[in-house]
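**Student:** Starting from these lines, generate the structure:
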Amino acid sequence: MDSKLSKIIIALFCFSFIATSLVRSEDRSNNNSSSVGPAPARHGGGGGGTAAILTQLAAIRAQLNQIQALVTPPAPVADNTTRLLFPYATNTAGFDTGLAITNSGSDNTGTVGQAGTATIYFFQGTTNPMPFTTPVIQAGASYQTTISTIAPGFNGYLVVVCNFPFGHGFGFLSDVGARNLAANIPALVLPGTRTNTVLESQGQ
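**Tutor:** Numbering: from 1, shown residues only. Okay, the predicted model is just below:
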C-alpha cells in the first residue's frame with residue numbers, strides 16, 4: 001500500500017476515534033445534567049453538537065469506504081496464455097534443434113486448462129524468419145517439431161506464445177543424427193509482461 005495513502009487512512013481512523021469519544025462525552029454530560037436538573041440551553045439548540053459530530057462521522061465513514069474500495073485488490077483474472085523462452089536454437093553448421101511444446105492443462109487431478117495454438121517467434125538479429133503457428137494443442141498433449149522443418153538455417157533464440165495456460169517446453173540440440181554432441185535446452189516460463197524490475201523465469 002502507498003505510504004501516503006496509509007497515513008491518510010490512519011488520520012481518518014484517528015479523527016473517527018476522536019469524534020466518537022466526543023459523542024460519548026457529550027452523552028455522558030447530558031445524562032449527568034438530566035440527573036441533577038434541567039440542562040442549561042446550548043447555543044444553537046440542544047443536541048446540536050451531537051448532530052454535527054454524527055454528520056462528521058457519516059462523512060468519515062463514506063471516505064473510508066471509498067478508500068477501501070481503492071486499496072482493495074481486484075478479483076484475480078484467469079491468464080489463459082503462457083510465454084516460453086528457448087534461449088538458443090539452431091539449424092546451422094550441421095546442427096539441428098528439436099522442440100516440444102506441451103499443454104499440461106490436464107493431470108491426475110482433472111483438466112483445468114484449455115486447448116489452443118502456440119506461435120513461435122524467431123530472433124537472430126535484424127532478419128528474422130516469419131512466426132510459425134502450431135496446430136491446436138489439446139490439454140494433456142504436446143506438439144513436436146524441428147528448426148530445420150519450420151525455419152531452416154535459423155540461429156538464435158525463440159519466444160513461444162501459447163494460447164493456453166500451463167504451457168511448458170523442451171529443446172534438444174544435436175548434430176544431425178545425434179552422433180557426436182547433444183544438449184538439452186530449457187524452456188523458461190516468462191511473465192506475461194517483461195520489465196527490468198521483475199525476474200523473468202519462474203524457475204521452470
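
**Student:** Look up how far Asn128 lies from Arg61.
**Tutor:** To Asn128, Arg61 is 58 Å away according to CB to CB, to the nearest Å. C-beta coordinates here come from the backbone N, C-alpha and C atoms, glycine included.

**Student:** Please name the residues that touch the closest residue to Phe164 other than its chain neighbours.
**Tutor:** What sits nearest to Phe164 in space, not counting adjacent residues and going by CB to CB, 6 or more residues apart in numbering, is Gly116, at 3.7 Å. For Gly116, the contact set (CB atoms under 8 Å, 6 or more residues apart in numbering) comprises 80, 103, 136-137, 162-164.

**Student:** can you rerun that using 10 Å?
**Tutor:** For Gly116, the contacting residues are 80-82, 103, 105, 134, 136-139, 161-165, 167, by CB atoms under 10 Å, 6 or more residues apart in numbering.

**Student:** ok so Thr55 is a strand residue?
**Tutor:** No. Assessed by DSSP: H, G, I helix; E, B strand; the rest coil, Thr55 does not belong to a strand; its assignment is helix.

**Student:** neighbours around it, how many?
**Tutor:** Neighbourhood size, Thr55 [other CB atoms under 10 Å]: 11.

**Student:** got any ranges where this protein has weak pLDDT?
**Tutor:** The model of the chain has pLDDT under 70 over residues 1-49, 71-72, 75-78, 198-204.

**Student:** quick one: the strands in it?
**Tutor:** According to DSSP state E, the chain carries its strands in the segments 82-90, 95-103, 106-107, 110-111, 118-123, 132-133, 141-146, 155-162, 167-175, 182-186, 188-190.

**Student:** can you list these in CSV and add distance to Pro74 and mean neighbour count?
**Tutor:** Listed next are those as CSV, based on distance: least, CB to CB, whole Å; neighbours: other CB atoms under 10 Å:
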stretch, distance to Pro74, mean neighbour count
strand 82-90, 22, 20
strand 95-103, 27, 21
strand 106-107, 28, 14
strand 110-111, 27, 10
strand 118-123, 28, 18
strand 132-133, 32, 15
strand 141-146, 33, 15
strand 155-162, 24, 20
strand 167-175, 25, 19
strand 182-186, 33, 13
strand 188-190, 23, 18
